[in-house]
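# mind looking at a prediction? Sequence and model below.
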Number of protein chains: 4
Amino acid sequence: MTTPLVKPRKTPAQARSAETVRVILEAAARILETRGLDGYTTNAVAELAGVSVGSLYQYFPGKDALTASLLDRETGIFLASMEYPDPVADSRAALDHLIGACVKHQLRRPELARILDFEEQRLPLRDQQEGLAARLTGTITEILTRLPVDTGEAPRVMAGDIFAMTRGIVDAAGERGETDEVRLRLRVARAVYGYLGLAQAR
Amino acid sequence: MTTPLVKPRKTPAQARSAETVRVILEAAARILETRGLDGYTTNAVAELAGVSVGSLYQYFPGKDALTASLLDRETGIFLASMEYPDPVADSRAALDHLIGACVKHQLRRPELARILDFEEQRLPLRDQQEGLAARLTGTITEILTRLPVDTGEAPRVMAGDIFAMTRGIVDAAGERGETDEVRLRLRVARAVYGYLGLAQAR
Amino acid sequence: MTTPLVKPRKTPAQARSAETVRVILEAAARILETRGLDGYTTNAVAELAGVSVGSLYQYFPGKDALTASLLDRETGIFLASMEYPDPVADSRAALDHLIGACVKHQLRRPELARILDFEEQRLPLRDQQEGLAARLTGTITEILTRLPVDTGEAPRVMAGDIFAMTRGIVDAAGERGETDEVRLRLRVARAVYGYLGLAQAR
Amino acid sequence: MTTPLVKPRKTPAQARSAETVRVILEAAARILETRGLDGYTTNAVAELAGVSVGSLYQYFPGKDALTASLLDRETGIFLASMEYPDPVADSRAALDHLIGACVKHQLRRPELARILDFEEQRLPLRDQQEGLAARLTGTITEILTRLPVDTGEAPRVMAGDIFAMTRGIVDAAGERGETDEVRLRLRVARAVYGYLGLAQAR
DNA sequence: AATGAATGAGTGTTCATTCAT
DNA sequence: AATGAATGAACACTCATTCAT
């Protein structure tokens, strides 16, 4: 028995499980994208994942839990892509970065995002602050307090609007099949800066 | 001269039955609002409507047809509320009117609107130009060509973005339970005019 | 008011009813022929007949009664076509005549005959001697007693077999779409006379 | 050298399930026999089989597939019983054997045979040569070409008639509740040989 | 008498979930 | 842990029959 060069962070058993979970989640994602909510059955997911339904239920207590996990995964991926340089130093850059991350995220798997957005509402209440919207809105709020914005609205309200309009524009673009990230980013930025009454960064 | 935007719809077979159709559609709407897509069964709709399933199927060839009819009804209501004074004379006013109509519409039955938006994608392809989005985008495009806008984007693209951001902001507001139409309208107008780079009609 | 040359056998009201009954029965027959047992619904029959379901139920207490009536009608048509010259004088001619009548009948509306044959079994017991088979078998039995047949079987048994084999051959021919009555008649005669051990009438 | 006539059939997925398939098919057969086409519902079949509807649908994609499978089973049983000694050496014996097999088959489960015969017409077209009738007629045709028969009809036509008259006689006997196989066989043989104009094997 | 809208029990079928192996 | 056959409640939809008009 050799010593692996890279030490596993989990025991083999756990690693195997983690891998299975990953495979199942990805299968769920693909089923949602290709067959929609109607074709999203536990049997279909298990089959595509190459595991038995029984196994699926070993890892997820039910279908909703699977959906919720997928939601968490997608949210996590987004949040990870959102780390940005010191917002205190340059709030404008931070806002631009955020917009860019949003665009990139929604353009990545637009149909999946659309369906998960919808399902989110139906799922058993999740911890506050857990959801993507809540976290993003919080971050935007922080940024706004450092910008010379004076619309007469509370920062939190503006943050909500910014998130919503960004999502609206990007979702619609995704549904139309747009893929030009740069151009889309420009348009979103125009909307956001316009809303805030700020001149756009050149 | 007003431009009527209500499209003529096929009249239900009989005079008496028109009422039954109306009752069934409203029941469907309420089931969707209160029980979501999961609770939206033909039996539940029939029961709430106070008719038998058989009757429901006498008026609608299937569940999807019922959903589509409901979608038509909601779209029709919206389009009817969209009649506006001569857009040629005052494009800005026309745009304001449109924004107002959107806000009012989405605030009317937010959950219903949300679910129907979602279902629309799954429904058998409908006539182009039939959908609300298509019609609205067309109208907005027309208005934009008369405004001193220079963003470098095609009017149709801008129209799409305007519709999408409006919908995004208003949907999110609806989901949060906001009901203040005036205030919401102000925020949407800020976003739209900001996006277009126009000073807001004071 | 003039006196009609041909006096109606029923009062106008009855005549009108009789006509309606006729129309409904024919509609039922056509539905069975073209859409099979699956498409044979009271609504379909009423529609094709040009009357309301309500009317149908005014004339027939239920679906099975309609089917039974149709069966009676078809049987009656056959029996009427079966009248033949004195069987005592020439039994062979009588038998030939019978065979001809059978062939003609089953070739007339083969699919209808096939389905009614099947449905007959399911229908509430009918009066003995009522059915076509019973009547025909009786007639054949009578004829056989006058022919120099000696197969060791009782006439009634032979009559049953003759009817059954005739029906078998003609039904199969009908299903295959054969329409040559003369040729079919020859083949049936061959089978019948062969079974009886009689030389065929030239 | 015997000519096997059993056609190979697709084997059910698993070893264990073969038994379940068998049980379901037998339940379907019994329901058809005892309750007729009307009582033949998937739920009734499943219940009598002692399995859940879900299981039934695991093995058969739909009700028609179940019926078709039953048809295949019955056909297979018959064909298996039809293996006969070299028809070239003794065509008469082969024909007798065939008649015997037919009689035995139709007498085995007459009501089931009757209903399946009827349903066969309605089922989605099956492969040519697949059906019992086609196979049997083919075999009879072969035999006839080796017999000194001269009726002026093509062998295939005669084969069809022979099959049809045999089925007619035996079905009728079955419906009447006859069970004496030997006697029935004698009568069928009389009809067949008489039709062919051959003296009967004593 | 005639209509046809209304009824609702009953049908075929699906799918989340369980559990014996 | 893993399997996948088994379960059965629930769904969309049909159609014989009724009954207010």
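Okay, I see it.
# could you use CA atoms for every contact and neighbour count after this?
Noted.
# find the residue ranges of chain A scoring beneath the pLDDT cut-off.
A:1-16, A:84-88, A:124-130, A:201-202 (pLDDT under 70).
# flag every residue of it that's near chain B.
Neighbours of chain B within chain A, by Cα under 8 Å from any Cα of the partner chain: A:118, A:122, A:160-162, A:164-169, A:172, A:190-197.
# in strands, which of these appear?
Among those, none falls in strands (DSSP state E).
# which of those residues are buried? Put it as a ChimeraX command.
To isolate the buried subset of the residues of chain A next to chain B in ChimeraX, counting by 16 or more other Cα atoms under 10 Å in any protein chain shown, use the following:
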select /A:160,161,162,164,165,166,167,168,169,172,190,191,192,193,194,195,196,197
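# CA atoms only: put stretch A:107-122 into CSV for me.
Provided in CSV are the C-alpha atoms of stretch A:107-122 (Å, rounded to 0.1, in the frame of the first residue of the first chain):
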residue,chain,number,x,y,z
LEU,A,107,-25.3,32.7,-18.1
ARG,A,108,-23.7,29.5,-16.9
ARG,A,109,-26.8,27.3,-16.7
PRO,A,110,-29.7,29.6,-17.4
GLU,A,111,-32.5,27.0,-17.5
LEU,A,112,-31.3,25.4,-14.3
ALA,A,113,-31.2,28.8,-12.6
ARG,A,114,-34.7,29.5,-13.8
ILE,A,115,-36.2,26.4,-12.5
LEU,A,116,-34.4,26.5,-9.2
ASP,A,117,-35.5,30.1,-8.7
PHE,A,118,-39.0,28.9,-9.1
GLU,A,119,-38.7,25.8,-6.9
GLU,A,120,-37.0,27.9,-4.1
GLN,A,121,-40.3,29.4,-3.3
ARG,A,122,-42.0,26.1,-2.7
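# all helices of chain A, in order?
Using DSSP state H, the helices of chain A run over A:12-39, A:42-49, A:53-59, A:63-80, A:91-108, A:110-122, A:132-145, A:155-176, A:181-196.
# in the second one, what's buried?
Residues of helix A:42-49 classed as buried by neighbour count (16+ other Cα under 10 Å): A:42, A:44-46, A:48-49.
# next: the fourth one.
Along helix A:63-80, the positions that meet the burial threshold by neighbour count (16+ other Cα under 10 Å) are A:66-68, A:70-71, A:74-75, A:78-79.
# about what we covered before: distance to chain D added to the helices of chain A, as a markdown table?
Listed next are the helices of chain A as a markdown table, based on distance: least, Cα to the nearest Cα, whole Å:
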| stretch | distance to chain D |
| --- | --- |
| helix A:12-39 | 18 |
| helix A:42-49 | 13 |
| helix A:53-59 | 15 |
| helix A:63-80 | 19 |
| helix A:91-108 | 37 |
| helix A:110-122 | 28 |
| helix A:132-145 | 40 |
| helix A:155-176 | 35 |
| helix A:181-196 | 46 |
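# looking at those helices, which is closest to B:Gly138?
Nearest of these to B:Gly138, taken as Cα to Cα: helix A:155-176 at 15.4 Å.
# and that closest one, how far out from the chain's middle?
Its chain's C-alpha centre and that of helix A:155-176 lie 13 Å apart, by Cα atoms, centre = their mean, to the nearest Å.
# again, but for stretch A:31-42
Worked out by Cα atoms, centre = their mean, stretch A:31-42 lies 19 Å from the chain centre.
# that stretch and DNA strand F, are they touching?
No - judged by Cα under 7 Å from any atom of the strand, stretch A:31-42 and DNA strand F are separated, with a smallest distance of 9.9 Å.
# residues making contact with that stretch?
The contact list for stretch A:31-42 (Cα atoms under 8 Å, 6 or more residues apart in numbering or on different chains) reads A:28, A:44-45, A:53, A:56, A:63, A:111-112, A:115.
# make a markdown table from the helices of chain A and add distance to C:Ile140 to it.
Below are the helices of chain A laid out as a markdown table (distance: least, Cα to Cα, whole Å):
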| stretch | distance to C:Ile140 |
| --- | --- |
| helix A:12-39 | 64 |
| helix A:42-49 | 64 |
| helix A:53-59 | 67 |
| helix A:63-80 | 71 |
| helix A:91-108 | 84 |
| helix A:110-122 | 75 |
| helix A:132-145 | 89 |
| helix A:155-176 | 78 |
| helix A:181-196 | 90 |
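# ok, so what distance separates the residue of chain A found nearest DNA strand F from A:Leu71?
At 3.0 Å from DNA strand F, A:Gly54 is the closest residue in chain A, using Cα to the nearest atom of the strand. According to Cα to Cα, to the nearest Å, A:Gly54 stands 22 Å off from A:Leu71.
# what of A:Ile143?
Counting by Cα to Cα - A:Ile143 and A:Leu71 are separated by 26 Å.
# burial count for the residue of chain A closest to DNA strand F?
By other Cα atoms under 10 Å in any protein chain shown, the residues close to A:Gly54 number 12.
# who in chain A is up against chain C?
Near chain C, when you scan chain A using Cα under 8 Å from any Cα, you find nothing.
# ok, back up a step: for D:Ala93, find the nearest of the helices of chain A.
Across the helices of chain A, closest to D:Ala93 is helix A:42-49 (Cα to Cα), at 55.7 Å.
# contacts only, for A:Leu144.
Contacts for A:Leu144 (Cα under 8 Å, 6+ apart) come out as A:91, A:155, A:159.
# residue closest to the middle of chain A?
Residue closest to the average C-alpha location in chain A (Cα atoms, centre = their mean): A:Thr75, at 3.6 Å.
# excluding chain neighbours, what is closest to it?
Counting by Cα to Cα, 6 or more residues apart in numbering or on different chains, A:Thr75 lies nearest to A:Leu132, which is 5.7 Å off, once chain neighbours are set aside.
# next: A:Ala44.
Among residues not flanking A:Ala44 along the chain, A:Ile31 sits closest, at 7.5 Å (Cα to Cα, 6+ apart).
# the one you found: neighbour count?
21.
# the one 5 residues further on too?
Neighbours of A:Gly36 under the rule other Cα under 10 Å: 17.
# and if you look at the one 5 residues further on?
For A:Thr41, the neighbour count with other Cα under 10 Å is 16.
# quick one, phi/psi of it?
For A:Thr41, the backbone dihedrals (degrees, to the nearest 10) come out as phi -120, psi 150.
# try A:Glu178
Backbone phi and psi, for A:Glu178 under degrees, to the nearest 10, turn out to be phi -60, psi 140.
# how about the residues of chain A near DNA strand E?
Residues of chain A lying close to DNA strand E by Cα under 7 Å from any atom of the strand are A:38-43, A:53-54, A:57, A:61-64.
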